[in-house]
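Novice: Okay, structure incoming, though there's no sequence with it:
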């Protein structure tokens, strides 16, 4: 049986997802940008420090210019506000990531969560949900949170 992970692959920064002969292409930064915004916005607002950190992460890790990173983050805010199927789309993309890619994305999420030293329960919930989107086990999520001293 071919799994979603076997049907999906990255080509540069593009995730190519093939299901039942239908091919969809997502920019890898779509998943990352959306999850970063989701966690940063978990407490109701995105701080300046969180905005700067997200731009820095997208620029340095994905090799994008700051203006492009800002555009992707703005697009992620709009998608989160208006797309009722966003969780399904993100889960589908997350299934195509390797264990290392999931680890890298989750670490970026934690970096954003840590940046303003103001982590509340809603942000912890957003981190948990993001880990689930990435297909991580509860144990792995809790372990990473403890490793970063972000949760119990």
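Specialist: Noted; the coordinates are in hand. Everything numeric in this text was worked out from a predicted model, so none of it was measured.

Novice: Going by secondary structure, residue 91 is in what exactly?
Specialist: Taking DSSP states H and E as the definition, residue 91 sits inside helix 86-95.

Novice: swap in residue 35?
Specialist: Applying DSSP H and E as the criterion places residue 35 in helix 28-40.

Novice: What's the first helix or strand after that helix?
Specialist: Using DSSP H and E, the helix or strand that follows helix 28-40 in sequence is helix 48-62.

Novice: Return the distance of residue 112 relative to residue 139.
Specialist: Using C-beta to C-beta, to the nearest Å, residue 112 is found at 22 Å from residue 139. For glycine as for every other residue, the C-beta is placed from the backbone atoms N, C-alpha and C.

Novice: quick one: which of the two has more around it?
Specialist: When residue 112 and residue 139 are compared for neighbours, residue 112 comes out ahead with 26 against 8, by other C-beta atoms under 10 Å.

Novice: Verify the stated contact: that one with residue 35.
Specialist: No: the criterion here is C-beta atoms under 8 Å, and residue 112 misses it with residue 35 at 9.0 Å.

Novice: what about the residue nearest to residue 52 when sequence neighbours are not counted, how many residues close to it?
Specialist: Closest residue to residue 52 apart from its sequence neighbours, by C-beta to C-beta, 6 or more residues apart in numbering: residue 115 at 7.9 Å. A total of 20 residues lie near residue 115 under the criterion other C-beta under 10 Å.

Novice: Please list all residues in contact with residue 115.
Specialist: Going by C-beta atoms under 8 Å, 6 or more residues apart in numbering, residue 115 touches 47, 49-50, 52-53.
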